[in-house]
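Engineer: the following block contains a protein sequence and its predicted model.
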Amino acid sequence: MTIDTGRRALLAGGGALTLSFALPGAAFAAPGELPKSLDKSPWLDAWIRIEANERITVFTGKAELGQGIKTALLQVVADELRLAPGRLQLVTADTARTPDEGITAGSNSMKDSGTALRHAAGQVRLRLGELAATRLGAPLGNLALKDGAFSAGARRVTFGQLVTGQELHLRATPVPAPPPPGPRTAIGKSVPRVDIPAKVTGGAAYVQDLRLPQMVHARIVRPPSQAARLIDVEVAAIERLPGVLKVVRDGRFLAVIAEGEYRAVKAATALARATRWETPASLPVHPDVNAFIRAQPAEVLPILARGAPVQAGRKFAARYTRPFQLHASIGPSCAVAQLVDGRYTVWTHTQGVFPLRTALAELIAVNEDTIRCIHVEGSGCYGHNGADDVAADAILLARALPGRPVRVQWMREEEHAWEPFGAAMVVQVAATLDSTGRIADWQHDVFTPPHNTRPGKAGNLLAATHLARPFVPPVAKPAPQPEGSGDRNAIPYYVLPNARVVHHFQPKPVLRTSALRGLGAYCNVFAIESFMDELARAANSDPVAFRLRHLADPRALDVIKLAAAKFGWDGYRRPARRGRGFAFARYKNLASYCAIAVEVEVARETGLVRITRAVSAVDCGEIVSPDGVRNQIEGGIIQSASWTLLEQVRFDASRVLTVDWASYPILRFAQAPDQIDVHLIDRPGQPFLGTGEAAQGPAAAAIANAVFDACGLRMRDLPLDRARVRKA
């Protein structure tokens, strides 16, 4: 298999609108004025290619993770070029073909890639229009544009005809193109998602489904715990098993490669039995999350200091906790790698193909340009799960068996025990109410280990830490505000005259932790919005009215009022065993606005909390795909319900115990909310704001507030599972 190192070779045999990449040292006009992603890759052929045969290809450095960006990005370009989205082809995250847009995370895909593609497509449209005006001998303003062709009366010229026989080199300019004339053709409409058909028909939708010619299969034999030491392993008998091609050992890294997947599984099982490990106790077991987390060494990082502490007034304080949690992807992580003629290809569901390539190059001591990482969607990948780790496994084994594609599929217990966990958190909040019932003072302290240790360095890859010459994980660092990491959304969005927020960052976690969807926003919003509910009741104020009194942003007011109205908040009558809860947040204080009202039913006898109804209102700027936004908010509410009601990692002195679905249950279909309604506020002309992580924090707080309303239990420690509710 050869590796296509670029698109230039594809130009042979016909003309195309291709706009060359910058040469090293080339001058950039007006730096910083282009959209972020476009400023990083300012040459338009990095984003859009039009060929003489009318084929139009769109390139994005972002990865489809199930959030629907393949469809939404095509809609953006289709609208600018006045085409049907079906006329376009999309290439996502590929280190040999697409722009480097870093990691697909933080609900930034539409803000970054969508804005860059809108800007680039508009400039492509203008340049094509200029060519058409010359070809047709008519003023540009008199031309009509439809379905990939410009026309002046009866005369017509297509995009492909305009580029035939020439190669145009063009660099993006900071000035955006004016909107195309006429109504929007694709943006704002719910079009069928391009990634769905294969998923619902059993097609090849995921990297787990990838099958290549002459592919072989591998399984890893992990240590029984993170501190385990390999004493001895007998490999000779394993190498003689039917179908086994190779047993690979490098330090604590053990793997077997076989001709068939089942043979690889059987051989790995035998290899595990043939190993002897020493398993020392290395984990400080403590059932109290608050005591466990608060005891860890921390860097004290003030992130907000407004006004001064207020002495007068009624004082309130509360503490909220979140345990370690799993990504718990339905499909365990998988990757395929191949070494041919000194060059590696890795098919991976990582969220950052370029940072992963950098880490892999360091891992196997090669130049980055000898590795190509191609994103293939994974069956479950949001945040930093095992996707990068399994890619490291695959490239190590491809190096050991050159020529043939090596597929590495993690097992369920491997995924649960070894993926990077969502970090446990403790949030301590205190506030003062003045004589009018308004918040006069606020203090927020969040204690948490790292929330982002993604690759970029080999030491961030699991296998690298198990080698005979192990790589040491780099010291974790907190991300700066306003996005933050563990302190994401720790600064309340409310108008508070006196407020202090402190991030107690713990750089050396006891368990390996990294990005789980929303990072610290989930728990910070849970704490803030639960505490707002407590303060509202202390002030004898309706929880919705209390929030409105403390907000100034009109868009925040709009989503809260809409969610409350659609829920029927003011006319609500509480049925037996049921209660209502409300919460609001603007994700990262700069992305989407989301307000959620829920109704729950609490069974005191069993402790079961059931969500009967959830109503949300969302403002994500200009809406590209209404159905896509609803999908994201619905999914966020359901995922948050699973975290909030069920999920927590358990471990003893030496190992993680929650290694299957019995020990780590997630929300099942029968437990999903009976009804979810999502109401959208469209803001045409406003910037795109991400929605993928907007709902998780508000949903958690709304559920907890509804539990209190239903049965008087103020539950501040997650999850609100049956045992905890029964005990309370």
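Structural biologist: Done, it's in.
Engineer: send me the longest helix along the chain as PDB with only the CA atoms.
Structural biologist: Counting residues, the longest helix found in the chain (DSSP state H) is helix 115-136. C-alpha atoms of helix 115-136 as PDB (Å, rounded to 0.1, in the frame of the first residue of the first chain):
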ATOM      1  CA  THR A 115     -16.500  29.500  10.100                       C
ATOM      2  CA  ALA A 116     -13.300  28.700   8.200                       C
ATOM      3  CA  LEU A 117     -15.200  26.800   5.500                       C
ATOM      4  CA  ARG A 118     -17.900  29.500   5.200                       C
ATOM      5  CA  HIS A 119     -15.100  32.200   4.700                       C
ATOM      6  CA  ALA A 120     -13.200  30.000   2.200                       C
ATOM      7  CA  ALA A 121     -16.300  28.900   0.200                       C
ATOM      8  CA  GLY A 122     -17.400  32.600  -0.100                       C
ATOM      9  CA  GLN A 123     -14.000  33.500  -1.500                       C
ATOM     10  CA  VAL A 124     -14.100  30.600  -3.900                       C
ATOM     11  CA  ARG A 125     -17.500  31.700  -5.100                       C
ATOM     12  CA  LEU A 126     -16.300  35.300  -5.700                       C
ATOM     13  CA  ARG A 127     -13.300  34.100  -7.700                       C
ATOM     14  CA  LEU A 128     -15.500  31.800  -9.800                       C
ATOM     15  CA  GLY A 129     -17.900  34.600 -10.400                       C
ATOM     16  CA  GLU A 130     -15.100  36.800 -11.600                       C
ATOM     17  CA  LEU A 131     -14.000  34.100 -14.100                       C
ATOM     18  CA  ALA A 132     -17.700  33.600 -15.200                       C
ATOM     19  CA  ALA A 133     -18.200  37.400 -15.700                       C
ATOM     20  CA  THR A 134     -15.100  37.400 -18.000                       C
ATOM     21  CA  ARG A 135     -16.200  34.200 -19.800                       C
ATOM     22  CA  LEU A 136     -19.800  35.400 -20.300                       C
END
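Engineer: who does whichever helix or strand comes after that helix pair with, and is each partner parallel or antiparallel?
Structural biologist: Where DSSP states H and E defines the elements, the next helix or strand beyond helix 115-136 is strand 144-146. In the sheet, strand 144-146 lines up against strand 149-152 (antiparallel) (DSSP bridges).
Engineer: give the buried residues for the next helix or strand after the strand it pairs with.
Structural biologist: Next along the chain after strand 149-152, taking DSSP H and E as the criterion, comes strand 155-158. For strand 155-158, the neighbour count (16 or more other Cβ atoms under 10 Å) marks 157, 158 as buried. For the C-beta atoms, the positions are set from N, CA and C on the backbone; glycine is no exception.
Engineer: show me what the helix or strand that strand 155-158 is followed by is packed up against.
Structural biologist: Proceeding N to C from strand 155-158, the next assigned helix or strand is helix 159-163, under DSSP H and E. Applying 3 or more Cβ pairs under 8 Å, 6 or more residues apart in numbering; DSSP states H and E, we find helix 159-163 packed against strand 16-17, strand 48-51, helix 115-136.
Engineer: residue contacts, residue 260?
Structural biologist: Neighbour list for residue 260: 217, 243 [criterion: Cβ atoms under 8 Å, 6 or more residues apart in numbering].
Engineer: tell me the spacing between it and residue 277.
Structural biologist: 28 Å (Cβ to Cβ, to the nearest Å).
Engineer: excluding chain neighbours, what is closest to residue 397?
Structural biologist: Spatially, and ignoring its direct neighbours in sequence, residue 397 is nearest to residue 406 (4.6 Å; Cβ to Cβ, 6 or more residues apart in numbering).
Engineer: could you do residue 531 as well?
Structural biologist: Closest to residue 531 by Cβ to Cβ, 6+ apart is residue 429, at 4.7 Å.
Engineer: direction included, what does the helix or strand harbouring that neighbour pair up with?
Structural biologist: Residue 429 belongs to strand 425-433 when elements are defined using DSSP H and E. Neighbouring strands of strand 425-433 in its sheet, by DSSP bridges, are strand 314-322 (antiparallel), strand 439-448 (antiparallel).
Engineer: which residues are contacting whichever helix or strand comes after the shortest one?
Structural biologist: Which is strand 314-322. The C-terminal neighbour of strand 314-322 among helices and strands, as given by DSSP H and E, is strand 334-340. For strand 334-340, contacts defined as Cβ under 8 Å, 6+ apart pick out 1-3, 206-208, 210, 212, 215, 344-349, 378, 387, 390-391, 393-395, 397-399, 401-410.
Engineer: and for stretch 268-275?
Structural biologist: In this structure, residues lying in contact with stretch 268-275 by Cβ under 8 Å, 6+ apart are 219-221, 230, 232-235, 237-238, 241, 247, 254-256.
Engineer: now those residues: which count as buried?
Structural biologist: 219, 220, 221, 230, 233, 235, 238, 241, 247, 254, 255, 256.
Engineer: still on that earlier bit, highest average neighbour count across the strands paired with strand 425-433?
Structural biologist: Among those, strand 439-448 has the highest mean neighbour count (mean count of other Cβ atoms under 10 Å), at a mean of 23.
Engineer: strands - which of the contacts of strand 334-340 land there?
Structural biologist: Mapping these onto strands (DSSP state E) picks out 344, 345, 346, 347, 348, 406, 407, 408, 409.
Engineer: from those, which is closest to residue 147?
Structural biologist: residue 347 (35.0 Å; Cβ to Cβ).
Engineer: pLDDT at that closest one, what is it?
Structural biologist: Note for residue 347: predicted pLDDT of 98.
Engineer: what do you get for the one 5 residues further on?
Structural biologist: The confidence metric pLDDT takes the value 96 at residue 352.
Engineer: is it correct that residue 285 is in contact with residue 652?
Structural biologist: Yes: using Cβ atoms under 8 Å, residue 285 makes contact with residue 652 at a distance of 5.8 Å.
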